[in-house]
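Let's see this in three dimensions:
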Amino acid sequence: MNSIFQNFKRTGVTKPLAYAIYIGFFAGLFWSCIRMISYYCNFTSEPVSFLIRNWLSNEQMTSGFGQTLGTLSFTAFSIVASVLYMWFFRNLKGAWPGLWYGLGWWGILFGLGPLFGFTQIQTGVGFTLAVTDLCLFVVWGLFIGYSIAFEFTDEASREPANAS
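Just a heads-up that it's a prediction; the model follows:
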């Protein structure tokens, strides 16, 4: 992990793939913990292990083992998503592309997910639960998108000169 920053100190250039993996790892770890808290507080009906629903029973999904596997699977998913963002959208500036990216992933996972069995159909849940899932994915995409945009575009130049 330090090699990412050591390379930047030596050459002034960030390795794009290593940086995307780094961002994806922390996005997955952080937002899966937020999703776990949201699930236990009944803000969402989908546990953090929703991506591996096909391989776990309902009891296993909510157990500690299932939550750990869910955190690992969401972290792996976040790494893949951040690498895809880096490959296709890293030159887009600002926060909006990341917001739309998270919204797109929410649409894919909860629109097409029931067809493949890894998410539940969202028509049976309340408005609050569906909006919570939407918001979690929007801020997750914002985290990935803006972190990558800040590194690979000239976003740092928009900061005030005396900001530190």
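
gap between stretch 56-69 and the chain center?
20 Å (C-alpha atoms, centre = their mean, to the nearest Å).

quick one: the residue most central in space within the chain and M36, what's the gap?
Note on the chain: the residue nearest the mean C-alpha position is W140, at 4.1 Å, using C-alpha atoms, centre = their mean. W140 sits 13 Å away from M36, going by C-beta to C-beta, to the nearest Å. To be clear about C-beta, it is placed using only N, CA and C from the backbone, and glycine gets the same treatment.

can you list residues touching both of those two?
Shared contacts of W140 and M36 (C-beta atoms under 8 Å, 6 or more residues apart in numbering): none.

List the buried residues for stretch 97-111?
97-102, 105-106, 109-110 (16 or more other C-beta atoms under 10 Å).

Pull the most distant pair out of the residues you listed.
Based on C-beta to C-beta, the longest span within the buried residues of stretch 97-111 runs between P97 and F110 and measures 20.4 Å.

and the closest residue to F89 other than its chain neighbours, what does it touch?
With sequence-adjacent residues excluded and distances taken as C-beta to C-beta, 6 or more residues apart in numbering, F89 is closest to P97, at 5.5 Å. Listed by C-beta under 8 Å, 6+ apart, the contact set of P97 reads 89, 145, 149.
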